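Student: what's the 3D shape of this:
(one chain, ligands or ions: 1)
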Amino acid sequence: MTIKPSTAAVLSNVDGLSALDRARRNKLMLGLFLPIQNCGWSPSFAPRTTSWHFDYNARLAVRADEFGFDLAFGLALWTGKGGMGGKLKYWETTLDPLMTVAGMAALTNNLMLVSTVHILYGWHPLHLAKFGATLSHMSDGRWGVNIVTGYATGEFQKFGKEQIEHDLRYVMAAEFTEQMLRLWEVDENVSISGNYWRMENAFCTPKPARGRPILVNAGSSPAGIEFAAKYCDLMFITSPAGAEIEAALAAFPAQTAQIKELARRHGREIKIIVNPLLICRETEKEVRDEQRRITEAVDIEALDGMMVSQRSGDNKSWRGHQREQRAVGGNIQLFGTPSQVVDWCVRLHKAGVDGIHLSFFDFAPGLEYFGARVLPLLKQAGLRN
Ligand SMILES: Cc1cc2nc3c(=O)[nH]c(=O)nc-3n(C[C@H](O)[C@H](O)[C@H](O)COP(=O)(O)O)c2cc1C
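Tutor: Numbers count the residues shown, from 1 in each chain. This is a model prediction of the structure:
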């Protein structure tokens, strides 16, 4: 059997930059929020191609890579049978993001591949240090981890654990992260007796390829923001003013300035990313028609289940989001023509946002349309190289 060498290792070496440095060359980073859970971000029956299957997501990642996107990642969810409810069984079926990006490493060349990991559900820092170093080599230094602490009610119990108090989770996440970083840095056996994890003569080799893997977080609380400012390269924020773009644009400058200032105090730089859902068409009428098509076919029970789930957790994100906005989805909503979308992107950038991580109702055609009609305008606007 002939083994085909991965093009990833060869091609991503061309400019000698790490994935993060390459992404930083663009004023506005571009990410793809992989729909590795059933129904993507919209509990609607309206017909679409979107699928949680690996094959579908792998094709999306390859297309995003070809369009020059910087980042792809997906959620980590541990819903029970029936997911968040309704006939759709919203979010019942989910791929694991750590395994998913492993499969995408050899298929892509430039994308940062980020895995969401609930580090408090039974992981040891040595596990993630080793798995992460392996993924880093598989992707030629393009792997990163989105560290989540588990806000959803009932998830800890699925692992036989009790829910941990919100701020304590971030204290534990800090200890976990520091131990993992040490294992990546030190070329000696490591012995640490922490408050929550211990290790004796632990050693991680290989070290990650091309330096420390990218660290990501998506908090909204003071504890979540402090964690991100201290350790993370990328931070996802949600609009405290809800999903409507004008309200979000008004709220972002203060929020992004505060986070970046906190990072500076730690001697660090952090890039801030938001995750809009995009409905983009040639005319505003077509946009409204598409929005109506999705909303009119909403699965009410699934929508209610989703609202309850996000409100019953102890998370500070998504608080300003209205029920009717969640029917379509997106932490913010960019519903407009290509030039309107680009105008919003320019304003987002001015508001301190360094990247947009995109989702679509119908991913494959949505991504193609974005690549053909919006991307060239983003380049003209000087937001992309
Ligand atoms: C873009 C984005 C992606 C997230 N992905 C996940 C995820 O996959 N799994 C999860 O349990 N929480 C996820 N979260 C929730 C966050 O980890 C966090 O719990 C939430 O934003 C609340 O922040 P806080 O803990 O600072 O209140 C995500 C949040 C955002 C904004």
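Student: For the residue nearest to the spatial centre of the chain, give the beta-bridge partners.
Tutor: Taking C-alpha atoms, centre = their mean, the centroid of the chain lies closest to Phe73, which sits 4.9 Å from it. Beta-bridge partners for Phe73, by DSSP bridges, are Phe33, Val114.
Student: separation between it and Val117?
Tutor: 11 Å (C-beta to C-beta, to the nearest Å). Every C-beta, even on glycine, is put in place using the N, C-alpha and C of the backbone.
Student: anything in contact with each of the two?
Tutor: 97, 146 (C-beta atoms under 8 Å, 6 or more residues apart in numbering).
Student: got the buried residues for stretch 241-249?
Tutor: Residues of stretch 241-249 classed as buried by neighbour count (16 or more other C-beta atoms under 10 Å): 241-245, 248-249.
Student: okay, these in CSV with distance to Arg25 and pLDDT next?
Tutor: As requested, these are exported to CSV (distance: C-beta to C-beta, whole Å; pLDDT from 0 to 100):
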residue, distance to Arg25, pLDDT
Ala241, 31, 88
Gly242, 32, 87
Ala243, 30, 90
Glu244, 31, 93
Ile245, 26, 96
Ala248, 26, 95
Leu249, 25, 97
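Student: The ligand: which of those residues is nearest?
Tutor: Relative to the ligand, the closest of these is Ala243; by C-beta to the nearest ligand atom it sits at 12.0 Å.
Student: Might one say that the closest one is in contact with Ala327?
Tutor: No - using C-beta atoms under 8 Å, Ala243 is not in contact with Ala327, being 10.8 Å away.
Student: distance of the residue in the chain that the ligand sits nearest to from Thr149?
Tutor: Using C-beta to the nearest ligand atom, the closest approach of the chain to the ligand is made by Gly224 at 2.4 Å. Distance, Gly224 to Thr149, using C-beta to C-beta: 8 Å.
Student: what comes into contact with stretch 287-299?
Tutor: In contact with stretch 287-299 (C-beta under 8 Å, 6+ apart) are residues 42-46, 86-88, 90, 279-281, 324, 327-328, 335-337, 361.
Student: Kindly report the residues of the stretch 151-300 of the chain close to the ligand.
Tutor: 151-152, 218-221, 224, 236, 238, 275 (C-beta under 6 Å from any ligand atom).
Student: TSV please, covering the residues you listed and showing secondary structure, neighbour count and pLDDT.
Tutor: Shown next, in TSV, are these (DSSP: H, G, I helix; E, B strand; the rest coil; neighbours: other C-beta atoms under 10 Å; pLDDT from 0 to 100):
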residue	secondary structure	neighbour count	pLDDT
Tyr151	coil	22	91
Ala152	coil	20	90
Ala218	coil	23	95
Gly219	coil	27	91
Ser220	coil	21	91
Ser221	coil	16	93
Gly224	helix	25	96
Phe236	strand	23	97
Thr238	coil	23	91
Asn275	coil	21	96
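Student: Next, format these as JSON lines and append distance to Leu303.
Tutor: Output for those, formatted as JSON lines (distance: C-beta to C-beta, whole Å):
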{"residue": "Tyr151", "distance to Leu303": "19"}
{"residue": "Ala152", "distance to Leu303": "17"}
{"residue": "Ala218", "distance to Leu303": "22"}
{"residue": "Gly219", "distance to Leu303": "25"}
{"residue": "Ser220", "distance to Leu303": "22"}
{"residue": "Ser221", "distance to Leu303": "25"}
{"residue": "Gly224", "distance to Leu303": "26"}
{"residue": "Phe236", "distance to Leu303": "23"}
{"residue": "Thr238", "distance to Leu303": "18"}
{"residue": "Asn275", "distance to Leu303": "19"}
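Student: can you map out the strands along this structure?
Tutor: 29-33, 71-73, 112-118, 143-148, 190-193, 198-202, 214-217, 234-236, 271-274, 276-280, 332-336, 355-360 (DSSP state E).
Student: Give the pairing partners of the fourth one; include direction for each.
Tutor: This means strand 143-148. Applying DSSP bridges, one finds strand 143-148 paired with strand 112-118 (parallel), strand 214-217 (parallel).
Student: Now tabulate the ones you listed in CSV and tack on mean neighbour count.
Tutor: Putting the strands paired with strand 143-148 into CSV (neighbours: other C-beta atoms under 10 Å) gives the following:
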stretch, mean neighbour count
strand 112-118, 24
strand 214-217, 24
